[in-house]
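> Based on what follows, work out the 3D shape:
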Amino acid sequence: MSDGAGAPARDGAADPAVRVVAVVVTWNRRDLLVECLAALRAQTLPPTHLVVVDNASTDGTAELLAAEPGLEVVTLSANTGGAGGFAAGIELALTFGPDLVWLLDDDTVPTGTAAERLATAWSSYAGERPAVLASRVVWTDGRDHPMNTPRPKPGASRDERAAAAAVGCVPVRSASFVSIACDARTVRERGLPVADYFLWNDDFEYSTRLIRGGVGLSVPDSVVVHKTRTFGSTDADPGERFFYEVRNKTWLFTRSTGLSPAEKLLYGGSTVRRWGRTFAGSSDRRTLLRGLRRGLVAGLGSRPRSTGEVLREAGWSPHASQPTGAAASSGPEQPFALLLAVWGGDDPDFLRAAFTSSVQEQTRRPDQVVLVQDGPVPDELAGTIAELVATSPVRVDHVVMEHNVGLGPALDAGLAASDHEIVARMDADDVSLPERFERQLPLVEAGADIVGTGLLEFGTSPEDVVGRRTPPTDPSEIRRAIRFRDPFNHPTVVYRRSAVQAAGGYTDMALMEDYLLFARMVDAGARPANLAEPLVCYRVGAGAYARRGGRALLRSELAVQRRFLHLGITTRTQYLRNVVVRGGYRLVPEALRRVAYRALIANRGTRRARGRT
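Coordinates of the predicted model:
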């Protein structure tokens, strides 16, 4: 995806090519939702898609949404609050290829130019695209709403203020879900809202996480009306709900990566002052004190559940808006695409074997092949590619990247060229067994989002088996293991394209793009599965153990572990464990690495595998 659509609109007009997907979360505000949707449809820059997340409403909202045309509806079986609702809505929004994801509450009515003004500020800003842009929020009488005032960025530099002023904006450090536009590229990089932040501080945590190290803007020309019942701020007496404020703030200051240590001190002091005002104005301080005590205990003694876990309990899967609790059953066979990437260093004979085994020799053939050529290739390889395209029994879309961009971006380009929701991966030097897709596709058709298999490692030929990798097959074990190692063998996976896109797609994380993607998919709620039996033969060849170590792979290992920590996939303790164990493995001598790999991973079931081949 592009980080900017079209040329920047430096003349102050919104670039019409900017793709805005709006996400509205609703719960029992049917009449206000009608106003909100009407105002969204009347925008001078209409959203390309309208995603509405129904948080288990009981006031007829479901019937209204079923009768409304042109909506993408997510129906949750439980009220997950704004945190869970926006997490599910953003996942679906990302599948539509947006530049901006516009988040709004159901009692927000945007004025006609609200989206256009946000898009104009985003595309006109000089320098890095803003990560978050916040509308000006007013009450029904036109006064600025004190509940939704973005926090100005403390210590903003003169250059930052000048760059913001050049597009009529002010630098901010956080903003409210009432109306913010989020840069989709930043969302793909930094993940979803933490769905367990029920009721309070979800927008503060998420907006600070998106903005940290980047740009956040308050856009006064983008005006929305927040139709709350009363005009007031968050200092109002919260009663029993104070528990969520305390617990979530404790989580934020101790576990979130959205704030720097200095900012945590600054905002922590502000929080204590605000709590003091809340107590001073309360008529039931005993309830607040009980909430404070319970919130501190819960905040210090637990960590938020993964967003995927929260959303699974509410019946959401990133590839469908139907509840996942319904009994899954095998449906009719669905079409699927084979995604294969090739670059200038690939061997023509190896590519031919990979292609033939995954297309011509399959008992269930793909319906489309997307062959991504990652940059220029030698003449012999180009000739082989042309031959395979011309003689393939199924259609081949040959996607040519002008320059070598790396595996992750190349696969993203291939996913964009796929005509089908189900996509199977294959490397250009491996061999698929004939029954591979016949065995894997039924699991995806029955409801899984990603299905891998075991594989056989071979040397000079597929008959020369030197090892076997057997992945975990229990979904709970896959979810547990993925924090410490990749439970999927990348060349074996079949997945739903929408689940990949909902997790942000592949990224340019050299040598670790698959592990990062799969971890994000599972953390976001994708339903995993594996077949233990080996259905792909994986070529190891000379230099295989050298490639599993070295400084380049160590850098990638450390980078992916930092991303896991920042995304909340791992705890700090797990992060340190992974750095020591996995990082150390990359640095040990090759001979020792060979012994460790053979003992712990690659020789599981090798004797049995040899007996079968």
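
> Give me the distance between Asp221 and Asp397.
43 Å (C-beta to C-beta, to the nearest Å). The way it works is simple: take the backbone N, C-alpha and C, and place the C-beta from them, glycine included.

> When those two are compared, which one has more neighbours?
The neighbour count for Asp221 versus Asp397, taken as other C-beta atoms under 10 Å, is higher for Asp221 (18 against 15).

> how about the helices in the stretch 401-550 of the chain?
Listed in chain order, the helices of the stretch 401-550 of the chain (DSSP state H, counting those that start in this stretch) span 407-417, 436-445, 475-481, 497-502, 513-523, 544-547.

> and those helices, which one's lowest on average pLDDT?
Sorting the helices of the stretch 401-550 of the chain by mean pLDDT places helix 544-547 lowest, at a mean of 52.

> So what's the gap between the following helix or strand past it and the chain middle?
Toward the C-terminal end, the helix or strand that comes next after helix 544-547 (DSSP states H and E) is helix 551-567. Its chain's C-alpha centre and that of helix 551-567 lie 17 Å apart, by C-alpha atoms, centre = their mean, to the nearest Å.

> Over to stretch 359-373?
For stretch 359-373, the distance to the chain centre is 27 Å (C-alpha atoms, centre = their mean).

> Same check on stretch 574-586?
24 Å.

> swap in stretch 64-84?
20 Å.

> cool, stretch 449-465 as well?
29 Å.

> and what of stretch 445-465?
26 Å.

> gap between the two ends of that stretch?
31 Å (C-alpha to C-alpha, to the nearest Å).

> Now it: buried residues?
Neighbour-count burial for stretch 445-465 flags 445, 447-458, 462, 465 (criterion: 16 or more other C-beta atoms under 10 Å).

> repeat for stretch 527-541
By neighbour count with 16+ other C-beta under 10 Å, stretch 527-541 contains the buried residues 527-531, 533-540.

> ditto for stretch 426-441
Within stretch 426-441, judged by 16+ other C-beta under 10 Å, the buried ones are 426-433, 436-437, 439-441.

> With stretch 389-405 instead?
In terms of neighbour count (16+ other C-beta under 10 Å), stretch 389-405 has its buried residues at 392, 396, 399, 401, 404-405.

> Can you give me the end-to-end span of stretch 459-477?
Across stretch 459-477, first to last residue, C-alpha to C-alpha, it's 30 Å.

> i'd like the first residue to be 15 from this point on
From this message on, residue numbering opens at 15, which makes the last subject stretch 473-491.

> Report the mean confidence score over stretch 138-146.
pLDDT averaged over stretch 138-146 gives 94.

> Next, name the residue at the spatial heart of the protein.
Residue closest to the average C-alpha location in the chain (C-alpha atoms, centre = their mean): Ala517, at 2.6 Å.

> Wait, that one touches Ala540, no?
Yes: using C-beta atoms under 8 Å, Ala517 makes contact with Ala540 at a distance of 6.9 Å.

> Please, where are all the strands along the stretch 65-214 of the chain?
Counting by DSSP state E, counting those that start in this stretch, one finds strands in the stretch 65-214 of the chain at the ranges 85-89, 114-119, 122-124, 146-152, 165-166, 184-188, 193-197.

> Ok, which of those comes nearest Ala97?
Ala97 lies closest to strand 114-119 among the strands of the stretch 65-214 of the chain, at 11.4 Å (C-beta to C-beta).

> Is the nearest residue to His580 once chain neighbours are set aside in a helix, a strand, or coil?
With sequence-adjacent residues excluded and distances taken as C-beta to C-beta, 6 or more residues apart in numbering, His580 is closest to Thr271, at 4.6 Å. At Thr271, secondary structure determined by DSSP: H, G, I helix; E, B strand; the rest coil is coil.

> residues contacting Thr271?
223, 226, 579-580, 582 (C-beta atoms under 8 Å, 6 or more residues apart in numbering).

> Please identify the one among the buried residues of stretch 459-479 that lies nearest to Gly182.
Asp463 (42.6 Å).

> give me phi/psi at the closest one?
With angles defined as degrees, to the nearest 10, Asp463 sits at phi -100, psi -30.

> about what we covered before: contacts only, for the residue nearest to the centre of the chain.
For Ala517, the contact set (C-beta under 8 Å, 6+ apart) comprises 105, 108, 332, 531, 534-535, 538, 540.

> Can you list the buried residues in stretch 371-391?
371-373, 376, 379-380, 382-388, 391.

> Could you do stretch 46-59 as well?
Residues 46-47, 49-51, 53-54, 57, 59 are the ones in stretch 46-59 that count as buried (16+ other C-beta under 10 Å).

> pLDDT weak spots in the protein?
Across the chain, the ranges flagged by pLDDT under 70 are 15-30, 246-250, 332-345, 555-564, 602-627.

> Gly227: how many residues sit nearby?
Gly227: 9 neighbours (other C-beta under 10 Å).

> how about the strands of the stretch 65-214 of the chain in TSV, adding distance to Thr285 and mean neighbour count?
Listed next are the strands of the stretch 65-214 of the chain as TSV, based on distance: least, C-beta to C-beta, whole Å; neighbours: other C-beta atoms under 10 Å:
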stretch	distance to Thr285	mean neighbour count
strand 85-89	32	20
strand 114-119	22	28
strand 122-124	25	23
strand 146-152	20	26
strand 165-166	12	16
strand 184-188	12	23
strand 193-197	21	29
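
> Between the ones you listed, which one is closest to Phe350.
strand 85-89 (23.0 Å).

> ok so, going back, including distance to Ala355, could the strands of the stretch 65-214 of the chain go into TSV?
TSV is the format used below for the strands of the stretch 65-214 of the chain (distance: least, C-beta to C-beta, whole Å):
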stretch	distance to Ala355
strand 85-89	30
strand 114-119	28
strand 122-124	42
strand 146-152	33
strand 165-166	44
strand 184-188	40
strand 193-197	27
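
> out of those, nearest to Leu325?
When the strands of the stretch 65-214 of the chain are ranked by proximity to Leu325 (C-beta to C-beta), strand 85-89 comes first, at 9.6 Å.

> Give me the sheet partners of that closest one and which way each runs.
Strand 85-89 has the following strand partners under DSSP bridges: strand 63-68 (parallel).

> Taking strand 114-119 as reference, get the angle to the partner strand.
For strand 63-68 against strand 114-119, the angle between stretch directions is 30 degrees (axes from the mean of the first three to the mean of the last three C-alpha atoms, to 10 degrees).

> Can you name the residues in contact with strand 63-68?
Outside strand 63-68, the residues touching it (C-beta under 8 Å, 6+ apart) are 35-41, 47, 51, 54-55, 75-76, 79, 84-90, 99-100, 102-103, 106-107, 110, 112.

> Repeat the analysis, applying 7 Å as the threshold.
35-40, 51, 54, 75-76, 79, 84-90, 99, 102-103, 106-107, 110 (C-beta atoms under 7 Å, 6 or more residues apart in numbering).

> What's the ChimeraX line that selects buried ones from those residues?
Burial among the contacts of strand 63-68 is assessed by 16+ other C-beta under 10 Å; the matching ChimeraX selection reads:
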select :35,36,37,38,39,40,51,54,75,79,85,86,87,88,89,90,99,102,103,106,107,110
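
> any idea how far Arg409 is from the closest residue to Glu449 other than its chain neighbours?
Among residues not flanking Glu449 along the chain, Thr377 sits closest, at 5.4 Å (C-beta to C-beta, 6+ apart). Taking C-beta to C-beta as the measure, Thr377 and Arg409 are separated by 19 Å.

> before we move on, what about Tyr599?
Taking C-beta to C-beta, one finds Tyr599 at 42 Å from Arg409.

> next one: Ala209
40 Å.

> Same check on Arg223?
Counting by C-beta to C-beta, the gap from Arg223 to Arg409 is 42 Å.

> Ok, Glu259 next?
Taken as C-beta to C-beta, the span from Glu259 to Arg409 is 56 Å.

> and what of Ser274?
51 Å.
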